[in-house]
Each structure stands twice: as C-alpha cells, then as structure tokens.
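Asks: Fold the following.
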Amino acid sequence: MSRVFNFSAGPAMLPEAVIKKASEEMLDWHGEGMSVMEMSHRGKAFMSIASKAEADLRTLMAIPDNYKVLFLQGGASMQFGAIPLNLLGDKTTADYINTGMWSKKAIAEAKRYCDVNVAASSEDSGFTTIPDFADWKLNPDAAYVHYTPNETIGGVEFDYIPDTGDVPLIADMSSTILSRPVDVSKFGMIYAGAQKNVGPAGLTLVIIRDDLLGHAADITPTMLNYKTHADADSMYNTPPTYSWYMAGLVFEWLLDNGGLQAMGKINKSKSDKLYAAIDGNDFYANPVEKRYRSWMNVPFTLKDADLDAAFLEQAAAKGLATLKGHRSVGGMRASIYNAMPESGVDTLVEFMAEFARANG
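Replies: Just a heads-up that it's a prediction; the model follows:
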C-alpha cells in the first residue's frame, strides 16, 4: 500500500526522507552495530546524537545563549502542572489567556497551585477569535502570562506575540513550533509536545530562560523541576532516546530544506490554498475570524452534516486520511503541519471541489 496523506492532528505525518533515513539506520547506527533505541543514553554514540539535535534546534530557532533547551517526557500536558510549580516563586497568581480547549486544560491544572486570573477569553464567541489585546486584564503582579499561540482543535491562531513587559510570557507551541521563524527572546518559556511538528510522541521540548530556573516550590517533584533537567543536560534519568533521535533527524531535514524561513512560506501557501477552497464554495464553511485562522489546523464543515460520512469515506479512498473533526467541533479538520507536502493540500482541494459538485 502506498503512503497516504495523513491529516491527523497528532501523532502526525513525519517527513518521508526522515522515515527513510531512520529505517536505514534502524539495525545499525553509524557502524555501532545496534539501533539507537538500544543505546545507553550516556554512551558516546547517543551523546553525540543528543548534542547535535540540540545544536541544530538552536540554529533553526536562533535560540539565545541564555536559554536552556530541555528534552523531556510527559507531553505538553505535564507542563500544565510543572509551570506553576516552577515559575510562581514567591508569587501566588498567574495570568492565563483562554482561547480554546488546550488553554482550558492548562488553566484547570494551574488552579491546583495558584490563583488564576483569566485575563482574556474568547469562550463567549465559541473560540472563533482572539480577544483584542487592548482588552486584556493583565495583573502586573502575576508570576507569568500563559497562552496557546495555536489551538489545535478550534483552528484559532495568534498572528502576533503579546507584549507582557517584565512579566514572563509562557507559550504552549505544541502545534505551531518550527512552522515559521519566531523571536525566542520575547518568551520566558516555550514548550511543545513533539508529535505534531517535531517528531514521534514521547518527547517534549522546553526552551526556558536561565533566570526562571531554580525557583521551584518545595513540593515540586524532582522530575518536574526544570533545574533538575537543566543541570543534567536532560539526562537526569533515561530520556526518550529514540524520539530525541527522530527529532534530530527532523531538525536536519528542516535545515537541509531552507530552515524556518522557507518552511513559513510553504506553510502560508498551503493554508492559503485550503482556505481559498473553503471560502470559494458555499458547500464548505470555516467559523474562525479570518485574521486568526490557523496555518496548522483547518477545521471546516459541510453544508449538510449528513454527508460527513460519505465525505470521509470517499476522501480515504483517494488517500486522504484522518480528516474527521474533533468531536467537540464536528465536521472536518485538516492538520497541515510541516511534513504535509503541498501536493497533499492540492489533492484535498481537488477532492473537495469534486465532492461539492457531486453533492451540492
């Protein structure tokens, strides 16, 4: 069977070149006589893999020297609790921006550890827009401001980086990291689960400014303390070695293909094509305010929801997989991360036009 165009929100597509290289190295990595997943994480071979992956990520994102890069486990969801435990310090409150389901999950977890000020929310609009920054009710005494630049489920994405002054800005970039250039220096911390734009599930990236380390609450478990991992170069315990290796291959692939500037242009082109197909045919609709439409996750509905099953079945027959929308939103969702080639979007757009003609 040939490979399909996988529009899953995560775990998502990986670049075909990355999978091929991993398959070639599966049994014997660079003459070591073993697979990467069999290596000691403290051995010379894996240490070289780990250090190169970090160096390549620093190059890709132009990460300043005063930021640590951590390769952790537990997914982005584990950071929802780790963030207040590590960053509150002697403060008792934090600001959160509520723009969708992942924001809500972060808020709910933070409430276990501090007073959460929801400084802005778009829940009243059904999470179809981003609250105007001028209307945010930020607390100058907050320990940090947390937001989700891209909401995977609702397909809502910030088109700017909020300026929070001296209060550290914390971003859950799970579904948008590496999709375009970003100024890391504007953030106190960036974190991301790997299974969308970075690599296989099992790895979590944390990019954190040095001055935010070392302030964890006494109750913080050792494994949730960012300083634990920063001091040990992410080797305090056995890290997710194979996922780390695969992420490194993805970083190499990005560098070989023009870096994040080039990827940003491709991603903008892909999303523009798909939104044009939705807006240009009244058979389809997208509820998100145009300014805040996601480049990565494109939800859309059909004019008649009774046709959803037929749409999915016929799309799958054409090699267009995993297009069913999240149950909380319904309809369809096309996740078009870095590894989705432009030809995949072109094929989807052609199918959408055919389906509308046949069923409109």
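Asks: And this protein, what are its domain boundaries?
Replies: Residue ranges for the domains of the chain, per automatic domain parsing: 16-256, 258-359.
Asks: Indicate which one of those is closest to residue 8.
Replies: Among these, the nearest to residue 8 by CB to CB is domain 258-359 (3.9 Å). Yep, even glycine has a C-beta here, placed from its N, CA and C like the rest.
Asks: Centre of the chain to that closest one, how far?
Replies: 18 Å (CA atoms, centre = their mean, to the nearest Å).
Asks: Ends of that domain, what's the gap?
Replies: 41 Å (CA to CA, to the nearest Å).
Asks: pLDDT averaged over that domain, what's the number?
Replies: Mean pLDDT, domain 258-359: 96.
Asks: Surely residue 81 is within a strand?
Replies: No. Residue 81 sits outside any strand when classified using DSSP: H, G, I helix; E, B strand; the rest coil, being helix.
Asks: That one and residue 224 touch, don't they?
Replies: Yes. The criterion here is CB atoms under 8 Å, and residue 81 meets it with residue 224 at 7.0 Å.
Asks: Just send the domains of the chain back as a markdown table, with distance to residue 10 and mean neighbour count too.
Replies: Putting those into a markdown table (distance: least, CB to CB, whole Å; neighbours: other CB atoms under 10 Å) gives the following:
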| stretch | distance to residue 10 | mean neighbour count |
| --- | --- | --- |
| domain 16-256 | 4 | 19 |
| domain 258-359 | 7 | 18 |
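Asks: Which of the ones you listed sits closest to residue 4?
Replies: domain 258-359 (4.3 Å).
Asks: Strands along the protein, start to end?
Replies: 5-6, 67-72, 93-98, 115-121, 145-147, 150-151, 156-157, 169-172, 189-193, 204-209, 284-285, 297-302, 320-321, 332-335 (DSSP state E).
Asks: Which among these is found nearest to residue 346?
Replies: strand 5-6 (9.8 Å).
Asks: and the closest one, how far from the chain's centre?
Replies: That offset, for strand 5-6, works out to 18 Å (CA atoms, centre = their mean).
Asks: Which residue comes closest to residue 335 once chain neighbours are left out?
Replies: In space, residue 335 comes closest to residue 9 once its chain neighbours are excluded; the distance is 4.4 Å by CB to CB, 6 or more residues apart in numbering.
Asks: That neighbour contacts residue 334, correct?
Replies: No. Applying CB under 8 Å as the test, residue 9 and residue 334 come out as separate, 9.3 Å apart.
Asks: and for these two, which residues touch both?
Replies: Both residue 9 and residue 334 are contacted by residue 297, under the criterion CB atoms under 8 Å, 6 or more residues apart in numbering.
Asks: returning to what we had before: list phi and psi for the residue nearest to residue 335.
Replies: Dihedral pair for residue 9: phi -80, psi -10, per degrees, to the nearest 10.
Asks: burial of it, as a residue count?
Replies: The local packing of residue 9 (other CB atoms under 10 Å) involves 21 other residues.
Asks: list the contacts for it?
Replies: Residue 9 touches 152-153, 175, 196, 297, 322, 326, 333, 335, counting by CB under 8 Å, 6+ apart.
Asks: Rebuild the strands of the chain as CSV, extending it with distance to residue 351.
Replies: Converted to CSV, the strands of the chain look like this (distance: least, CB to CB, whole Å):
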stretch, distance to residue 351
strand 5-6, 10
strand 67-72, 38
strand 93-98, 35
strand 115-121, 36
strand 145-147, 35
strand 150-151, 25
strand 156-157, 24
strand 169-172, 32
strand 189-193, 29
strand 204-209, 34
strand 284-285, 12
strand 297-302, 13
strand 320-321, 6
strand 332-335, 11
